[in-house]
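Undergrad: fold the following and give me the result.
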Amino acid sequence: MNMMDRIDPELKAPLDGFLAATNGGFNLHDIPGTRKGMEQLMEAMMSQIPAIEGVKTEDRLVPGPTGAPQVPVRIYQPTQRADTLLPAMLWIHGGGYVLGNVEQDDVSAKIMALTINCVVVSVEYRLAPENPFPAPLEDCYAALKWLAAHTKELGIDKSRIAIGGASAGGGLTAGLALLTRDRAEVELAYQLLIYPMIDNENVAPASGSLSDHFLWSRDNNIHGWESYLGGSAGKDVSPYAAPSRASDLKGLPSAYIAVGDLDLFLKEDLDYAARLNQAEVATEVHVYPGGYHGFNGFAPEADITKRFNADRDNALKRALHG
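TA: All right, here's what the predicted structure looks like:
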């Protein structure tokens, strides 16, 4: 069976539509052009989504890393709060470390705030290659420190702060969990790793025995990692940049990892999950047959996406509300 035959039937048409709209998908050989094209595509998609009521949003600039610019964040809070104090989620958008912005996850952040009954703080971190590691991660850490320092103002329970992200956002989340553990300035309750991009060595070219993948190819992966690391994607790097390189995973917050079985990141994510469990970090893992990278964002009404969302939301409610 070839890979096309393995795609969940409800995910085929959305994939075809995306490839048609982007002339074959992401092109990281032209990062500025791809950024512009993705922003236009997202604007068109967002214009067709009904307004989501029950959430108030606020954009702020928070102190950045030492000597660096302020970090833009967008804060989401349910307008009806049954509890005086709510848990919080620091959300980190994806985009291969070179694409994306807060706006692309605006709808999902609002839904998360409502569904999980939490405060969401979404981070507009600096992008590579203009700002390689550690700038994006340090922006996320600065936003996390600000969140932890303003829990009273935002009505947040300081003992229930989670971090989460998808793809490169998931990679930044995993790196942030390691960095936060080691700096010991903020206590984390949970890490949500959605098909995280965590292994800088997963860059071998596709071959007869090593197939390429939908939505995010190895060619994209090479360019994403090289941009983020400021050079060769295969060199030895900090575990804060590529969490798969971390030798010590003990003491990290409980984790949730979700990935499709047609995702380029499947093996690296399952390997990381196994190592987390071996390090006595409670880790819940979900693999979705027929799911390619980012499938949940392309087919919101598909059964596989509904299962994906329900599994994720139930895990977050257990972790943050008991």
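Undergrad: run the chain-centre distance for stretch 282-300.
TA: Here stretch 282-300 shows a centroid-to-chain-centroid distance of 12 Å under the convention CA atoms, centre = their mean, to the nearest Å.
Undergrad: and if you look at stretch 293-313?
TA: The chain centroid and the centroid of stretch 293-313 are separated by 15 Å, computed with CA atoms, centre = their mean.
Undergrad: ranges for the strands of the stretch 201-322 of the chain?
TA: Counting by DSSP state E, counting those that start in this stretch, the stretch 201-322 of the chain has strands at residues 255-260, 283-288.
Undergrad: among those strands, which is nearest Asn309?
TA: Ranking those by proximity to Asn309 (CB to CB) places strand 255-260 first, at 10.0 Å. Where C-beta positions appear, they are placed from N, C-alpha and C, glycine not excepted.
Undergrad: quick one: average pLDDT of the closest one?
TA: pLDDT averaged over strand 255-260 equals 98, rounded to a whole number.
Undergrad: where does the stretch 101-250 of the chain dip in pLDDT?
TA: 205-211, 232-235 (pLDDT under 70).
Undergrad: want to throw the strands of the stretch 201-322 of the chain into JSON lines with distance to Gly100 and mean neighbour count?
TA: Conversion of these to JSON lines gives the following (distance: least, CB to CB, whole Å; neighbours: other CB atoms under 10 Å):
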{"stretch": "strand 255-260", "distance to Gly100": "19", "mean neighbour count": "25"}
{"stretch": "strand 283-288", "distance to Gly100": "22", "mean neighbour count": "18"}
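Undergrad: export the ones you listed to CSV and tack on distance to Asn202?
TA: Formatted as CSV, the entries for these read as follows, by distance: least, CB to CB, whole Å:
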stretch, distance to Asn202
strand 255-260, 13
strand 283-288, 17
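Undergrad: how about the helices in the stretch 51-200 of the chain?
TA: Assigned by DSSP state H, counting those that start in this stretch, the stretch 51-200 of the chain shows helices spanning 106-116, 135-149, 151-154, 168-183.
Undergrad: quick one: contacts for the residue lying closest to Val120 once chain neighbours are set aside?
TA: Once its chain neighbours are removed from consideration, Val120 has its nearest residue in Tyr76; the separation is 4.1 Å (CB to CB, 6 or more residues apart in numbering). With contacts taken as CB atoms under 8 Å, 6 or more residues apart in numbering, Tyr76 has the following neighbours: 55-57, 109-110, 112-113, 119-122.
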